[in-house]
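*Asks:* Starting from these lines, generate the structure:
(2 chains)
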Protein chains: 2
Amino acid sequence: MLTHNDGNVRDAERLRYSQYPRYPRNPHYSHIPIFPVIPIIHKNGHTLMPPQEFLKILTATLGARAVVTDPAEIEPWMTDWRGRVHGAAPAMLAPASTEEVAEIVRLAAEHGVPLVPQGGNTGMAAGATPPADGSAILLSMRRMNRIRSLSAENRLAVAEAGVVLATLHDGAHEAGMRFPLTLGARGSCTIGGLTSTNAGGTQVLKFGTMRSLVAGVEAVLPDGSVHNGLSGLKKDNRGYSLDQLLIGAEGTLGVVTAVALRLVPAIAARAVAWAGLESPARALDLLRFLEARTDSIEGFELVPQDSLELVLKHIPNTRAPLSGDHKWHVLVEATAAGPETDVAAELERLLGAALQQGIIGDAVIASSEAQAEAFWKLRDSISEAERAEGQTLAHDISVAVADMPQFISDAAVKVEQAFPGVVASGFGHLGDGNIHFHVRAAGHAAPDWYESEGKAITRFVDDLVTAAGGSISAEHGIGQLKRDELARLAPPARIHALRAIKHALDPLGIMNPGKLVP
Amino acid sequence: MLTHNDGNVRDAERLRYSQYPRYPRNPHYSHIPIFPVIPIIHKNGHTLMPPQEFLKILTATLGARAVVTDPAEIEPWMTDWRGRVHGAAPAMLAPASTEEVAEIVRLAAEHGVPLVPQGGNTGMAAGATPPADGSAILLSMRRMNRIRSLSAENRLAVAEAGVVLATLHDGAHEAGMRFPLTLGARGSCTIGGLTSTNAGGTQVLKFGTMRSLVAGVEAVLPDGSVHNGLSGLKKDNRGYSLDQLLIGAEGTLGVVTAVALRLVPAIAARAVAWAGLESPARALDLLRFLEARTDSIEGFELVPQDSLELVLKHIPNTRAPLSGDHKWHVLVEATAAGPETDVAAELERLLGAALQQGIIGDAVIASSEAQAEAFWKLRDSISEAERAEGQTLAHDISVAVADMPQFISDAAVKVEQAFPGVVASGFGHLGDGNIHFHVRAAGHAAPDWYESEGKAITRFVDDLVTAAGGSISAEHGIGQLKRDELARLAPPARIHALRAIKHALDPLGIMNPGKLVP
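*Replies:* Got it, this is the predicted structure:
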C-alpha cells in the first residue's frame, strides 16, 4: 500500500548495521537497527557439544527409554509423509511428560543443540523432518498420549501433544460429545501437530480451523520454561496471546505439550449428499443457497469430473453416485445435534429446490451410513488416485471465497497453456476458499519432472495465487517445502516481523531450525 | 510446573550479561543471553527532536488538519474514561487514512517520538492515556471512520479503526445482518480500540470476544510498514499470525487502522427474562440447564441483591422485576435468527421447568421491548449506582466457569474480613467465568481511600484470583493501571516473552510506551 523512499538512508548507518547479516534490514525501517542478531551458537564456531556426549547427559537425566539411538527405530521417522524429504538425526528423544520435555529443551539450549519436534509425521510440508546433515535431534511427542481430562459439562478436553486425533474423537464420543475437526490422517496425526500447523480439514466450514477450537496451549518455550495456557479461562486479557502465537508456529517457537480443546455436542444425525453441477460458480451458488436456509451444513467439498474419473479408475470398490454426466460435483454433509431435526429430509428438500432453480443438475442423498462413507471415500481418495495415475504436484491454496470459482477456471487454463500436456484441477474446501490445486504431469513426463518442470509450475501457480490476494499455504503450513516461496512472495515487512518474533523467542535457533521462517 | 536450580549459574556469565539492565534475565535461561537490548532512543541521551520541530515536519507532510495543537481541543482526551489518570501531550494527530498513519509512524520512528493511539477513549485500564510528562504525542484514530465494505453474502464488514461500534451495529442492521459484540460504551468506543483490547461485553457467551469476531487486521507496524490482513481469507497458514498478535496488544505493537469483522444473521426475535435465585451456584445450574436444552441463550448476567438495591436507590425510573426477596438475580437473553422459533415461548417453558426443579425461585419474561430494555438498564447501571453510593474499586477478573460460584462467595467473605467495613460483591458475565468484583468503601472512608486502602484491597483480590488460577484482567486489558500487578503476579517466563516480543517488533519503544508490557 505504501511506497517508502529509501534514498535518504545515510551511508554511515548502512555501514554501522551491516554487521548483522542474518536478518536483512527492513527497507521500511532502514535508518535504525531493528535488533542486533546473536550468532546462532552451534553454527558460528561456539562450543558445540558432540552429539554423543549430549546424548549421554540426556540419558543420565531422563533414562534410556526416552533416548532412542537405534538407527532402525529412528529411520521410519526420518522421511516426510509425502516421501519427498529425507532427514537424519543421531537420536530420537521420546519424553513422557511436560517435565521431561522441559528438561530436554533446557539442556538443548544450554548445549546449543537444535530439536525437531514431531507428532504423527503426517504433515504435508515436511515441517517435522530433521535436516539431512544430522545436526538436529528428533523430539518425538508420541509417548505424551494421555487425555488429561474431558468434560461434557465444560465442553472441554485437555489432550497431550501425542494424542492421536482418532483417539480424541473416540474419547469425546464416549462422553456424548464431539471434537469436530477431522481430516484424512486422523488415525495417525496428533493433537500437537494439528495445533502447531493450525490444521484445517473437512469440517472447517462450520467449526473453523484448529485456531477456533483451541482453548489453550501448554508448551515448553525455547528457554526450557513452561507456558501454561490450560487454565480454561474463557476471557483473559493479560497481554499478547502466546497461545495464538504457538498455534501454527510449526514448533519454531517452542514445543506444544498439551492443548485444551473445545468440544461440541455429539451428532444425533447426519446426511450426506452428492450433487452434479455445471461449474464451481454453481457450486458456490449452491452453498450460499443452503447456508441461507439452514445452519446444518458442515461439509461442502468440490470435486471435478476429472478427479472423480481417476478415483473410479484406480480405487477399488468405487462407483459414481450419479448416472448422468456432470462437469463438477459437490459432496454436502449436513448434521444435527438434536434428534428433533430430520436433517436428511431437510437436505433433500433444499436440494430439490436447488434443482428446480437450476443451480444443480442432479443430486442423491446417501440412503445409509455405508453409502455416506462411500461418498466420502470418493472425495478422500482423490490424492491417492492421482498418484496412481502419475506424477502430481499439489498446491494447498486459498483465495477469498467469492473469488474461488473464477480462480479455479482461470488458473487451470493458464497453467495448461503455459505447460503443455499437464492437467490442472482444483478440488476440496470451496466453502473455505481453500482448494487443493493439483497439476498432473503429462503421461510421458520424465522421472525428474518434480525437480525440473515441477518447480516452475509451482512458482507459476504461487504467482497466480499471490496476484489474486490469496495464500500459498491455506492449511498445510510452510514447513521446509514452501519456505523459499514464502521468502519470494511475502511482503518484506511480514518477513521481517516473522524473523523478529522468531529471534526474540528463540535467539539460539534451536527450535525446529530451517522451518517456516524465511 | 518446573523448578529450575539457578545455583550453578556461573558468576562470569552473570557478569557478562549484567550490561542489559532493562529486561531482567529469565531465571530459566540464565546461562545465555536472551537478547541484548538497544537503548530506547528518546530515553538514553540520543538525539531527540524537540516536539515543536517534529510537529512542523508533520504539519508540512500531513497538513494542518491532521495536527491539532490547540490545548483546548486536546484536553478532553488527556484523561481516561474512569477519570483516574491524567496525561499530557504537545499535540493530537488526527490522520484520515492508513497512508497518513504510516507516514506518522515512520516519522515518529525516525525521530524517536513515542505515539499513544486512542479510539473512543472508553478503556477501563487507561491504556490510551498519554504519560503525564508530555513525552508522547496522542494519535487519535477517530477521523478514520469509514465502513469500507459490508457484505451480507460474505458475512463480513471491513471497518476502519475509528468507526464507532454503534455505527457498525447500524450498518450491519441495514444490511439485514448483525455484529454481535456489544457493551455499555457502544456509542463511543471504536473498532480499533475494541480490537486492540480484545474487548468482551455482554454477548461473549455465544459469540466470543473480539478475537473470535476479527477476520483480519490492517495495522501500521512500529517501523511504518503496513500489515494488511484484510484479505478475507478463511484459511491462511503462512507463519505466525500477526493479526492475533495485534488483537489485545493495546497499541504496543502497532496501530490498528482497519479490521475485517465477522457478521451474523440479524436477530428475528429476542426474549429477555429476569430470574431470582439463591446463589451463584444456582445461577450456574440454570445456565447449564438452559444450554443443554437450547442454542438460543446469548446473554446471561449475574446480579446480586445488593447491586440491584443500589440501582433502585440511585437510578431514576427503575423498579425491581420480581416482587419477592431473592439473594441473587440473573438476566437471561435468548435470541433467534429465524422467525420459525418462538424464542419467548421457549424461554418461558424452560424457566418454568427450572422453577419446578428448584433451580430458581421466580422468573419473569419481559412482555415488551421496552421492558426488555428496562431489565438491561438494571444490569448496565450497576457501576453508575455504585459510584453514586460511594467510592468503589472495580476488579475485572475471571476464573474457570465451574469455579466462579465458589470464588464469588469465598472472595467476598475474605475481603470483608480483611478490610472491615467494605462491601464486596461480584456481578456480570457468569457464563464466561468473568465477573466484575467490586469493593465499596465504608461510608466513612477517607477521600484518599483509593490510594490508601484501595491498593491493598486490589492486591488482596488479585492474589485470590491468581491463587484460583484466574486472570486479573478478563476483558479490560492491562493498560497502565494493571501493569504493576501483572509484573508482580505473572510467571517470569511469561513476562520475559512479552518483553521479548515487544522489543522485537518495537525496538525503539515508540508504540504506546508504558502500557501493557511489565
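
*Asks:* ok now do the spatially closest residue to A:Leu165 that is not a sequence neighbour, which residues does it touch?
*Replies:* Distances taken as CB to CB, 6 or more residues apart in numbering or on different chains place A:Arg186 nearest to A:Leu165, at 4.4 Å, with adjacent residues excluded. In this view, the C-beta of every residue, glycine as well, is placed from N, C-alpha and C. The contact partners of A:Arg186, by CB atoms under 8 Å, 6 or more residues apart in numbering or on different chains, come to A:Val164, A:Leu165, A:Ala166, A:His169.

*Asks:* Assign A:Arg186 to helix, strand or coil.
*Replies:* Look at A:Arg186: counting by DSSP: H, G, I helix; E, B strand; the rest coil, its state is coil.

*Asks:* and it, what pLDDT?
*Replies:* Looking at A:Arg186, its pLDDT reads 94.

*Asks:* separation between it and B:Ile57?
*Replies:* Using CB to CB, to the nearest Å, A:Arg186 is found at 59 Å from B:Ile57.

*Asks:* The contacts of A:Arg186: which two are farthest apart?
*Replies:* A:Val164 and A:His169 (9.1 Å; CB to CB).

*Asks:* quick one on the thing from earlier: any idea which of the contacts of A:Arg186 is closest to chain B?
*Replies:* A:Leu165 (17.5 Å; CB to the nearest CB).

*Asks:* what residues are up against the closest one?
*Replies:* With contact set as CB under 8 Å, 6+ apart, A:Leu165 has these partners: A:Phe179, A:Leu181, A:Thr182, A:Leu183, A:Ala185, A:Arg186, A:Gly187, A:Cys189, A:Thr190, A:Ile191, A:Leu194.

*Asks:* So which of those are in helices?
*Replies:* Per DSSP state H, helices hold the following members of those: A:Ile191, A:Leu194.

*Asks:* which of the contacts of A:Leu165 are buried?
*Replies:* With neighbours counted by 16 or more other CB atoms under 10 Å in any protein chain shown, the contacts of A:Leu165 contain buried members at A:Phe179, A:Leu181, A:Thr182, A:Leu183, A:Ala185, A:Arg186, A:Cys189, A:Thr190, A:Ile191, A:Leu194.

*Asks:* Would you check that A:Ala258 makes contact with A:Arg148?
*Replies:* Yes. Using CB atoms under 8 Å, A:Ala258 is in contact with A:Arg148, at 6.5 Å.

*Asks:* Name the residue in the two with the higher neighbour count.
*Replies:* For A:Ala258 versus A:Arg148, the count of surrounding residues by other CB atoms under 10 Å in any protein chain shown is larger for A:Ala258: 27 against 14.

*Asks:* where's the closest residue to the more buried one other than its chain neighbours relative to A:Arg186, distance?
*Replies:* Excluding its sequence neighbours, the residue lying closest to A:Ala258 (CB to CB, 6+ apart) is A:Glu218, at 4.1 Å. The gap separating A:Glu218 from A:Arg186 is 22 Å, by CB to CB.

*Asks:* A:Leu221 too?
*Replies:* Applying CB to CB to A:Leu221 and A:Arg186 gives a distance of 29 Å.

*Asks:* Endpoints of stretch A:195-205, how far apart?
*Replies:* 18 Å (CA to CA, to the nearest Å).

*Asks:* What mean pLDDT does stretch A:256-264 get?
*Replies:* Per-residue scores along stretch A:256-264 average to 97.

*Asks:* Give me the distance from it to the chain's centre.
*Replies:* Remark: stretch A:256-264 is offset 17 Å from the chain centroid, using CA atoms, centre = their mean, to the nearest Å.

*Asks:* in the sheet, who's paired with A:Ala159?
*Replies:* A:Ile147, A:Val259 (DSSP bridges).

*Asks:* correction: A:Val164
*Replies:* Beta-bridge partners, per DSSP bridges, of A:Val164: A:Thr190.

*Asks:* Can you tell me the number of residues neighbouring it?
*Replies:* 20.

*Asks:* And for A:Arg288?
*Replies:* The burial count for A:Arg288: 16, using other CB under 10 Å.

*Asks:* Quick check: phi and psi on the residue nearest to A:Gly224 when sequence neighbours are not counted?
*Replies:* Leaving out its chain neighbours, the residue that sits closest to A:Gly224 by CB to CB, 6+ apart is A:Arg106, at 3.1 Å. Phi and psi for A:Arg106, reported as degrees, to the nearest 10, are phi -60, psi -50.

*Asks:* so A:Arg106 sits right up against A:Pro222, yeah?
*Replies:* No. Using CB under 8 Å, A:Arg106 makes no contact with A:Pro222, being 9.9 Å away.

*Asks:* More neighbours: which of the two?
*Replies:* When A:Arg106 and A:Pro222 are compared for neighbours, A:Pro222 comes out ahead with 27 against 21, by other CB under 10 Å.

*Asks:* In three-state terms, label that one for me.
*Replies:* Strictly by three-state DSSP, A:Pro222 counts as coil.

*Asks:* do the same with A:Phe437
*Replies:* Reduced to three states by three-state DSSP, A:Phe437 is strand.

*Asks:* That one touches A:His395, doesn't it?
*Replies:* Yes. Judged on CB under 8 Å, A:Phe437 makes contact with A:His395 at a distance of 4.3 Å.

*Asks:* Tell me how many other residues crowd the residue of the stretch 351-500 of chain A found nearest chain B.
*Replies:* As assessed by CB to the nearest CB, chain B sits closest to A:Ala493 within the stretch 351-500 of chain A, at 3.3 Å. Counted with other CB under 10 Å, the neighbours of A:Ala493 add up to 22.

*Asks:* pLDDT weak spots in the stretch 351-500 of chain A?
*Replies:* The stretch 351-500 of chain A contains no residues with pLDDT under 70.

*Asks:* Could you pull out the helices in it for me?
*Replies:* Using DSSP state H, counting those that start in this stretch, the helices of the stretch 351-500 of chain A run over A:369-380, A:382-389, A:404-418, A:455-467, A:483-489, A:492-505.

*Asks:* Can you check which of those helices gets nearest to A:Val67?
*Replies:* helix A:492-505 (26.0 Å).

*Asks:* Return the residues of the stretch 151-300 of chain A in contact with chain B.
*Replies:* A:153-154, A:197-198, A:200, A:204, A:209, A:211-212, A:221, A:223-228, A:231-242, A:244-245, A:247-249, A:253, A:288 (CB under 8 Å from any CB of the partner chain).

*Asks:* Out of those residues, which sit inside strands?
*Replies:* Of the positions in these, A:Val226, A:His227, A:Asn228 sit in strands, assigned by DSSP state E.

*Asks:* Most neighbours among the residues you listed, which one is it?
*Replies:* That'd be A:His227 among these, by other CB under 10 Å, with 24 neighbours.

*Asks:* wait, what's in contact with that residue?
*Replies:* With the criterion set at CB under 8 Å, 6+ apart, A:His227 makes contact with A:Val217, A:Glu218, A:Ala219, A:Val220, A:Leu221, A:Leu242, A:Leu246, A:Gly254, B:Ala493, B:Arg494, B:Ala497.

*Asks:* which residues does it bridge with?
*Replies:* A:Ala219.

*Asks:* Show me which residues of the stretch 301-450 of chain A sit near chain B.
*Replies:* Counting by CB under 8 Å from any CB, the residues of the stretch 301-450 of chain A that sit close to chain B are A:Ser398, A:Val399, A:Ala400, A:Val401, A:Ala402, A:His429, A:Asp432, A:Gly433, A:Asn434.
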